[in-house]
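In: what follows is a predicted structure for the sequence shown.
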Amino acid sequence: MYLLHLHSSFAAGGKELRAARLMNAFGPGVAHSVVSAQPGAHGARVALDPALDVRFPDDFPSLQGRPTPARLLLIARAMEGFDLVLTYNWGAMDAVMAHRVFGGALRLPPLVHHEDGFNEDEADGLKCSRNLFRRAALGRASALVVPSRRLEAIAREAWAQPRGRVRLIANGIRTAAYLAPPPPDAVPGLAKASGERWLGTLAGLRAVKNLPRLVRAFAALPPEWRLVILGEGPERAAIAAQARASEVADRVHLPGFVPDPSRAVGLFDVFALSSDSEQFPISVVEAMAAGLAVASPAVGDVAAMVSARNRSLVTPPGDEAAFTRALLALAQDPPLREAIGRANREVALALYDEDAMIRAYAATYAEATGRPAFP
């Protein structure tokens, strides 16, 4: 089997790391070519099993540009020779359109598209032109995979996708890996001192994650608290600037990307999400598996993901004062955060283990390729 993965980016974010886990699960019997619409954005490759056959071709036609017939034909021809094409998010939608327009004539392999959410340009509302483009482009896709009920509704309504094409597959993780507490020095370059409390998050440092909002809210916490943001991306300077403006620069830490979150998340005392847009964030599942309470705006499926005890800490989107109050409530009440953390862990173990996710993806890909099983 030879799979082509066309990503909006293969930087180390949630959907990219999920794709890497699936590639690892399918094993060395499957070969892969991975293309990023953002040239050189291959940070998630560190999560790949070295035994896999994974190529990062630099001669694939650009996934960015005007969707002219000539350019779409170039992309379509580059899909020849694979057994399955997997596309991800808006950044790969031109490839989906190329498959729709030229797939029959060129006898291209089946295509499965994945939508995981929106960047800052659609965080406040979907663009009509993109909705129409998606409707047209997805007409030949074997399946459209989404991780959240909100995205499932958008796919059915805004993108007019038939029920049989849309597959809701919840994100999952190796929950057992998060049960044991990590050592105090598990985060490279940063050790947790006795008496410290950590407010933490896992996030690509992108504008849609609104991490300056998290810095401003953190500034209200007592002095024994530190903010640890694990991730990398273009908004690092903006986050550091907000930390200086909020006079907490000495308590805000940006250690960078951590390839194995299970080795770090357990050091947090509270987990926070500050995004303007999410769907079914893997980072929240990781925090729950580690036994943490979660403070977050009510974006995507977050309120439905967490335990019933945690839902009062999921605050209205855009209400920074309410978000700050949720963090303060957890910081000031250790028994509360411990009780919520236990309840969250129970939910994660029961609902979000990655074995079920892998089986669902394998079944979707098997159906697309006409195989009784995948791989």
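Out: Sure, I can see it.
In: do a quick rundown of the strands in the stretch 251-375 of the chain.
Out: Assigned by DSSP state E, counting those that start in this stretch, the stretch 251-375 of the chain shows strands spanning 252-256, 270-272, 294-297, 314-315.
In: can you redo these as CSV with mean pLDDT?
Out: Formatted as CSV, the strands of the stretch 251-375 of the chain follow (pLDDT from 0 to 100):
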stretch, mean pLDDT
strand 252-256, 97
strand 270-272, 98
strand 294-297, 98
strand 314-315, 98
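In: adding distance to V30 and mean neighbour count, write those out as TSV.
Out: In short, each C-beta sits where N, CA and C put it, glycine included. Below are the strands of the stretch 251-375 of the chain laid out as TSV (distance: least, C-beta to C-beta, whole Å; neighbours: other C-beta atoms under 10 Å):
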stretch	distance to V30	mean neighbour count
strand 252-256	30	18
strand 270-272	34	27
strand 294-297	35	28
strand 314-315	38	22
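In: buried ones in the helix or strand hosting H5, by neighbour count?
Out: Following DSSP states H and E, one finds H5 within strand 2-7. Within strand 2-7, the residues that count as buried by 16 or more other C-beta atoms under 10 Å are 3-7.
In: for stretch 157-172, same thing?
Out: Applying 16+ other C-beta under 10 Å to stretch 157-172 flags 159, 161, 165-167, 169-172 as buried.
In: measure that stretch end to end?
Out: 26 Å (C-alpha to C-alpha, to the nearest Å).
In: any idea how far it is from the chain center?
Out: Stretch 157-172 has its C-alpha centroid displaced from the chain centroid by 17 Å (C-alpha atoms, centre = their mean, to the nearest Å).
In: next one: stretch 212-223
Out: 24 Å.
In: and what of stretch 344-351?
Out: 19 Å.
In: for F118, which of the strands of the stretch 251-375 of the chain is the nearest?
Out: Minimum separation from F118 across the strands of the stretch 251-375 of the chain (C-beta to C-beta) falls at strand 294-297, 14.5 Å.
In: elements contacting the closest one?
Out: strand 270-272, helix 282-289, strand 314-315, helix 320-331 (3 or more C-beta pairs under 8 Å, 6 or more residues apart in numbering; DSSP states H and E).
In: adding distance to A217, write these out as JSON lines.
Out: Output for the helices and strands packed on strand 294-297, formatted as JSON lines (distance: least, C-beta to C-beta, whole Å):
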{"stretch": "strand 270-272", "distance to A217": "8"}
{"stretch": "helix 282-289", "distance to A217": "16"}
{"stretch": "strand 314-315", "distance to A217": "10"}
{"stretch": "helix 320-331", "distance to A217": "4"}
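In: want to throw the buried residues of strand 2-7 into a markdown table with pLDDT?
Out: Listed next are those as a markdown table, based on pLDDT from 0 to 100:
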| residue | pLDDT |
| --- | --- |
| L3 | 98 |
| L4 | 98 |
| H5 | 98 |
| L6 | 98 |
| H7 | 97 |
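In: farthest-apart pair in those residues, please.
Out: L3 and H7 (12.4 Å).
In: alright, calling it a day.
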